[in-house]
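1. structure for this input, please:
(one chain, ligands or ions: 2)
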Amino acid sequence: YCSEVHIALTGHEMKDCQGPGNGNRRGQHEWVRGTVNDVLIPIDSYHLYDPFGKRIKHEQRFDYDRIPAVVELCIQAGVDLPEYPSRRRLVPIRMIGKKVIDRGGFVVEPKRSTREQTALLELDTYGLNISPDPPPMPDSELRDLAERTLEAWETVRGGTAKLMKKYSVKACGYCSEVHVGPWGHNAKLCGSFKHQWRDGKHGWQDATLDEVVPPNYVWHVRDPSGPPLSFPLKSYYGKAPAVVELCVQAGAMISDKYKPMMRLDIVIPDCEEAKLVA
Ligand SMILES: [Zn+2]
Ligand SMILES: [Zn+2]
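-> Ligands and ions are numbered 1, 2, ... in the order given. Next up is the predicted model:
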């Protein structure tokens with residue numbers, strides 16, 4: 001019913017569900033099997049042939065492809081993907097402050113229909129997870145995979161942060177929409193609370209790294225096969241980005257960066273003791 005993610009064999013018992021009907025369930029979450037997209041939250045944005053070109057109008061929103069924001073950022077930074085052409089300028093744009101003085105004129109954008117179907121859009125990250133379970137992997141291979149996944153996560157986060165210093169990325173202050181480019185777009189699809197006051201217009205601000213590559217914090221489970229995390233002990237538990245938690249449970253080493261937030265130094269009392277404390 002809500003966006004809570006928990007990485008363990010069973011869900012946790014913290015009654016903090018904010019989803020619809022949570023009153024009837026007394027705040028209890030209703031756990032189902034998660035997918036890749038629950039661990040790594042997809043953040044898509046419009047692909048722009050020329051990010052310094054004309055702003056996307058609401059009526060034109062279907063003329064643009066939606067691709068992962070990180071991929072769009074990399075394209076704008078120079079990665080060539082034939083299916084997503086990008087204007088490469090020989091003469092840099094002249095700007096004074098935030099005002100564009102000379103963008104080298106507008107150019108006709110290549111038609112989308114001529115582009116070949118893209119492998120990127122066809123990658124069904126959801127389908128991957130509903131396919132039957134793969135055969136069990138030996139522990140050592142699993143640990144290796146977890147280490148590599150964790151490394152890739154750090155590479156993507158670190159690289160995105162660096163690219164965002166050079167290429168501007170905007171995020172809506174009201175919803176999770178992200179736009180890669182010097183200004184936002186005008187598609188009126190903001191679905192946040194009170195959006196009717198703004199006619200569905202997004203409120204653009206400079207994006208933070210967490211808005212482009214969300215860490216998606218989850219509770220850290222020290223013993224994945226142990227009893228479920230319980231509400232009375234909430235203050236003893238730590239958190240970690242979902243992908244980090246997943247990799248750690250699969251045997252990856254915990255890097256020093258995450259140790260404090262995972263609260264590994266704290267001794268978790270058993271349930272009975274906690275009741276005495278409470
Ligand atoms: Zn819930
Ligand atoms: Zn919005």
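2. identify the residues contacting stretch 86-100?
-> Stretch 86-100 has contacts (Cβ atoms under 8 Å, 6 or more residues apart in numbering) with 48-50, 52-53, 75-76, 80, 101-104, 107, 182. C-beta coordinates here come from the backbone N, C-alpha and C atoms, glycine included.
3. can you measure across it, start residue to end residue?
-> Using Cα to Cα, to the nearest Å, the end-to-end distance of stretch 86-100 comes to 19 Å.
4. and for stretch 199-216?
-> End to end - Cα to Cα - stretch 199-216 spans 29 Å.
5. by neighbours, which of the contacts of stretch 86-100 wins?
-> Neighbour tally across the contacts of stretch 86-100 (other Cβ atoms under 10 Å): the maximum, 24 neighbours, falls on Leu48.
6. farthest-apart pair in the contacts of stretch 86-100, please.
-> With Cβ to Cβ as the measure, no two of the contacts of stretch 86-100 lie farther apart than Asp80 and Ile101, at 27.5 Å.
7. about what we covered before: near ligand 2, which of the contacts of stretch 86-100 show up?
-> Among the contacts of stretch 86-100, not one lies near ligand 2 by Cβ under 5 Å from the ion.
8. pLDDT and secondary structure added to those, as a markdown table?
-> Listed next are the contacts of stretch 86-100 as a markdown table, based on pLDDT from 0 to 100; DSSP: H, G, I helix; E, B strand; the rest coil:
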| residue | pLDDT | secondary structure |
| --- | --- | --- |
| Leu48 | 95 | coil |
| Tyr49 | 94 | coil |
| Asp50 | 93 | coil |
| Phe52 | 90 | coil |
| Gly53 | 89 | coil |
| Ile75 | 97 | helix |
| Gln76 | 95 | helix |
| Asp80 | 95 | coil |
| Ile101 | 71 | strand |
| Asp102 | 75 | strand |
| Arg103 | 76 | coil |
| Gly104 | 76 | coil |
| Val107 | 77 | coil |
| Pro182 | 92 | coil |
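9. now those residues in TSV, with distance to Val213?
-> Putting those into TSV (distance: Cβ to Cβ, whole Å) gives the following:
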residue	distance to Val213
Leu48	20
Tyr49	24
Asp50	25
Phe52	24
Gly53	26
Ile75	16
Gln76	16
Asp80	22
Ile101	33
Asp102	33
Arg103	29
Gly104	31
Val107	31
Pro182	20
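10. Asp63 against Lys57, yeah?
-> No: the criterion here is Cβ atoms under 8 Å, and Asp63 misses it with Lys57 at 9.4 Å.
11. quick one, what contacts the residue lying closest to Arg263 once chain neighbours are set aside?
-> Of all residues not flanking Arg263 in the chain, Gly238 sits nearest, at 3.1 Å (Cβ to Cβ, 6 or more residues apart in numbering). Contact partners of Gly238, counting by Cβ under 8 Å, 6+ apart, are Trp219, His220, Met261, Met262, Arg263, Leu264, Ile266.
12. around the second one, how many other residues sit close by?
-> What it means is His220. Neighbour tally, His220, other Cβ under 10 Å: 21.
13. Val178 now?
-> Val178: 24 neighbours (other Cβ under 10 Å).
14. look up how far Ala171 lies from it.
-> 5 Å (Cβ to Cβ, to the nearest Å).
15. between the two, which contacts overlap?
-> Counting by Cβ under 8 Å, 6+ apart, the residues touching both Val178 and Ala171 are Ala207, Glu211, Val212.
16. from memory the last one sits against Leu73, does it?
-> Yes: using Cβ under 8 Å, Val212 and Leu73 qualify as a contacting pair, with a distance of 7.4 Å.
17. quick one, strands of the stretch 1-150 of the chain?
-> Assigned by DSSP state E, counting those that start in this stretch, the strands in the stretch 1-150 of the chain fall at 44-46, 66-68, 94-96, 99-102.
18. direction included, what does the second one pair against?
-> In other words, strand 66-68. Here strand 66-68 is paired, per DSSP bridges, with strand 44-46 (antiparallel).
19. could you confirm whether the strand it pairs with reaches ligand 2?
-> No: judged by Cβ under 5 Å from the ion, strand 44-46 and ligand 2 are separated, with a smallest distance of 12.3 Å.
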